[in-house]
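Q: here's a sequence, model it:
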Amino acid sequence: MKRMMTILAASLALTAFTGPVFAAEQGEAGNTLSKQEQQKMVNIAHRGASGHAPENTMEAFQKGFEMKSDYIEIDVQMTKDGELVVIHDTTVNRTTDGTGKVGDLTLEEIRQLDAGSWFSEAYAGEGVPTFEEVLDAFRGKVGILIELKAPELYPGIEEKIADALIERNMSMPNNDKIIIQSFNHKSMKKSKELLPNLSHGVLTGGSWADVTEEQLAHFATYADYFNPTMNIVTDELVSDVHEAGMDIYPYTSRSQEQALRLFDLNVDGIITDYPEHVYHHPVKNS
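A: Prediction:
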């Protein structure tokens, strides 16, 4: 046992020495990343700082804000009674102590669920927030990347999102702190019509590895961002996206090595569970 503890202590010491502060300064080719380069990269906390707190909860969003993320990314769906809630899966099974489809439950029923214990008992009792609660808590403090999750399941969700933003004067021109994205590209066209002053993005999976310049040009007629899985990102793709007049925010980086690869590919932003992999603030990320 004593030997095991000694080995563990040595391992922790080595990790502390070669952890994010050190690693974030070295690109894949060994070239140094300056603090300015780290700060220039747009840092998006995926479902909040979900490597440190239960995803899509107020605790995760607060952590992302405290870690100096540029944006928190949130997933929005709609309850049976037409209320907007922030949760990733189309069922509550994985991230709460309940069961059932989000769209089959009322807001009151979802309010009763524990969305924190699955991650850690330290977060027991953490609830599923509403879209409006997240807007009211974080507008003006940090950017919000809003993903419409499976909007095809929730007719009218684009209008409800738009109404909530317009009501709070968050749909004004040049508001670069709000971005709306989805895998459902028809939904993004509709959302852009409702909120023409806000930036929109198209999310893409692995099947878009061979996206053509013509397809990118079409996306650019209503989208400002092309946000693919990081697995298909290449120098050529980044160049083509930029040529089409869009920025590229790949998802989802979960290791320092993955983040460094994206730095080397000159993407514009990184969607990550660990904001410290993109910018390790000397105080906030300690």
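Q: are we agreed that residue 144 is in a strand?
A: Yes. The assignment for residue 144 is a strand, going by DSSP: H, G, I helix; E, B strand; the rest coil.
Q: so who does it touch?
A: Contact partners of residue 144, counting by CB atoms under 8 Å, 6 or more residues apart in numbering, are 71-72, 74, 134-135, 138, 177-179. Yep, even glycine has a C-beta here, placed from its N, CA and C like the rest.
Q: and with 6 Å instead?
A: Residues counted as contacts of residue 144 (CB atoms under 6 Å, 6 or more residues apart in numbering) are 72, 178.
Q: give me the pLDDT for it.
A: With respect to pLDDT, residue 144 scores 98.
Q: repeat for the one 5 residues further on
A: At residue 149, the pLDDT value in this model is 98.
Q: wait, it touches residue 73, no?
A: No. With contact defined as CB atoms under 6 Å, residue 149 does not count as touching residue 73 (11.1 Å).
Q: so those two - more neighbours on which side?
A: residue 73 (28 against 23; other CB atoms under 10 Å).
Q: give me the nearest residue to that one, chain neighbours excluded.
A: residue 145 (4.2 Å; CB to CB, 6 or more residues apart in numbering).
Q: now do the contacts for that neighbour.
A: Applying CB under 6 Å, 6+ apart to residue 145 gives the contacts 44, 71, 73, 179.
Q: for it, list each beta-bridge partner.
A: Bridge pairing for residue 145 (DSSP bridges) gives the partners residue 73, residue 179.
Q: for it, give its distance to residue 38.
A: Using CB to CB, to the nearest Å, one gets 19 Å for the distance from residue 145 to residue 38.
Q: cool, and residue 276?
A: 10 Å.
Q: so between these two, which is more surrounded?
A: Using other CB under 10 Å as the criterion, residue 276 and residue 38 rank with residue 276 on top: 24 against 18.
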